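> Got a predicted model here, sequence first, then my questions.
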Protein chains: 2
Amino acid sequence: MTIGRTLESDPIEEARRQWIAHGWDNAAEGMAAVTSIVRAQQIVLQRIDTVLRPLDLTFARYEILTLLSFTRTGSLPMTKMGALLQVHPTSVTSAVDRLESQGFVERVPHPTDRRAVLASITEAGRARALAATTALNGQVFEQLGITEHQINQLRTVLRALRANAGDF
Amino acid sequence: MTIGRTLESDPIEEARRQWIAHGWDNAAEGMAAVTSIVRAQQIVLQRIDTVLRPLDLTFARYEILTLLSFTRTGSLPMTKMGALLQVHPTSVTSAVDRLESQGFVERVPHPTDRRAVLASITEAGRARALAATTALNGQVFEQLGITEHQINQLRTVLRALRANAGDF
DNA sequence: GACGGATATTAGGATATCAATGTTTTGCAC
DNA sequence: GTGCAAAACATTGATATCCTAATATCCGTC
């Protein structure tokens, strides 16, 4: 994690100037916005991973665990989870593989569809998910370093972007 | 790319409701904002990769190529690139490995520092970078699907987040 | 001249995507 | 209804990428 040396100027602002200098004015703001998103994701995911590492979780596995803990039965078909979390079936398989080896999830045959497999959260999984959420709430989600107004602006704008991409 | 099935409701809004239902009100907005960032990055990066794939580039390699094309000499030390693009030294090494095998970049010994290695862009690299930028401008950066006002809101808020993280 | 720091690389582990496969369900023609 | 083709589900193997840790080389300072 030694890449975070402080720079004298904002690299994204510098790139935006370059875009305008090359006559790509129409794309300059969009480029800067996209690059900002990529970089912001890098920052928050790094914080999240730092918090989750002592709990032996990654963000992907945490999302699965939390999703399962919110369901009535504590279980969901693999495909359903992939659709809700927007991840590939193979990613679900490997994440559940790991969660199962950690004892946080069990694979259960689907009661009516013999193709499908349910992932079912265990008591240990529930406890770990709760610990992780508590840690993330206090150390990441409540510490973004921007104002509440800005947080809501962010949510609104990104919801528009997601909606436009056909997310929901 | 079959994960993009349209959902009936917004999963992030659903998660936010769950957070509030569990009494985690203080963290709910931040959680929703962070999750939105992660998902937005997923969306834009997927579009970028789709555009860059026919050009045999990834976003990381494209960033390196474009950065080099903006310099006076067309070359930079590896470490300097890692600092500017906020990526690990190992990522720079492997990206330059690939770019070099593609003929877009050459490794050149540093004139005064025998530890350092310069990555120098080739003519083929310049041409490919320009083609990629043209494609990205038209197909991604100018097509985000949100208003110009929203794009600038996004830039402003994320700059605050990045500044707070010590990016510049 | 020795030592700490910087530079780049290699090796190994984890994750994500793609392509292909085996199994099961579903839909449609008849 | 029956039977067959198409689609859905989960997995495996192959590939690419990123991060961590460790290593070898070189620079600069005391």
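Okay, I see it. The structure displayed is predicted, hence computed values, not measured ones.
> contacts and neighbour counts: CA atoms only from here.
OK.
> who touches residue A:158 in this structure?
Applying Cα atoms under 8 Å, 6 or more residues apart in numbering or on different chains to residue A:158 gives the contacts B:36, B:37, B:40.
> Now the second one: closest residue in space, sequence neighbours ignored.
Using Cα to Cα, 6 or more residues apart in numbering or on different chains and skipping residues adjacent in sequence, the residue nearest residue B:37 is residue A:41, 5.8 Å away.
> distance of that neighbour from residue B:36?
Computed with Cα to Cα, to the nearest Å, the distance linking residue A:41 and residue B:36 is 9 Å.
> likewise residue A:121?
25 Å.
> burial count for the closest residue to residue A:64 other than its chain neighbours?
The shortest distance from residue A:64 to any non-neighbouring residue, by Cα to Cα, 6+ apart, is to residue A:81 (7.3 Å). Residues lying near residue A:81 (other Cα atoms under 10 Å in any protein chain shown) number 21.
> which residues touch residue A:81?
Residue A:81 touches A:64, A:67, A:92, counting by Cα under 8 Å, 6+ apart.
> So what touches stretch A:106-119?
Stretch A:106-119 is contacted by residues A:75, A:76, A:77, A:78, A:96, A:100, A:105, A:120, A:121, A:122 when judged by Cα under 8 Å, 6+ apart.
> what about it, distance to the chain center?
Distance of stretch A:106-119 from its chain centroid, counting by Cα atoms, centre = their mean, to the nearest Å, is 26 Å.
> pLDDT of that stretch, averaged?
Taken as a whole, stretch A:106-119 carries a mean pLDDT of 95.
> Does residue A:67 lie in a helix or a strand, and which?
helix A:59-70 (DSSP states H and E).
> Quick check: nearest residue in space to residue A:105, chain neighbours excluded?
Excluding its sequence neighbours, the residue lying closest to residue A:105 (Cα to Cα, 6+ apart) is residue A:121, at 4.4 Å.
> re the thing from before, work out for me the element the residue nearest to residue B:37 sits within.
Per DSSP H and E, residue A:41 falls inside helix A:25-52.
> For that helix, buried residues please.
A:27-45, A:47-52 (16 or more other Cα atoms under 10 Å in any protein chain shown).
> So for that helix, mean pLDDT?
The model assigns helix A:25-52 a mean pLDDT of 94.
> so where is chain A shaky, pLDDT-wise?
A:1-8 (pLDDT under 70).
> my guess is the residue nearest to residue A:105 contacts residue A:74, does it?
Yes - between residue A:121 and residue A:74 there is a contact at 5.6 Å, judged by Cα atoms under 8 Å.
> which residues does the residue most central in space within chain A contact?
By Cα atoms, centre = their mean, chain A has its centre lying nearest to residue A:59, at 5.9 Å. Applying Cα under 8 Å, 6+ apart to residue A:59 gives the contacts A:45, A:48, A:49, A:52.
> How is chain A divided into domains?
By the assignment in automatic domain parsing, chain A contains the domains A:9-55, A:57-135.
> how long is the first one end to end?
I take that to be domain A:9-55. Taking Cα to Cα, the first and last residues of domain A:9-55 lie 36 Å apart.
> touching DNA strand C at all, that domain?
No - Domain A:9-55 does not reach DNA strand C (Cα under 7 Å from any atom of the strand); its nearest approach is 10.0 Å.
> now swap in the longest one and tell me
Yes - for domain A:57-135 and DNA strand C, the contact criterion (Cα under 7 Å from any atom of the strand) is met by A:57-58, A:60-61, A:87-88, A:90-91, A:94-95, A:98, A:112-115.
> Need the overlap of contacts for residue A:121 and residue A:74.
Common contact partners of residue A:121 and residue A:74 (Cα under 8 Å, 6+ apart): residue A:68.
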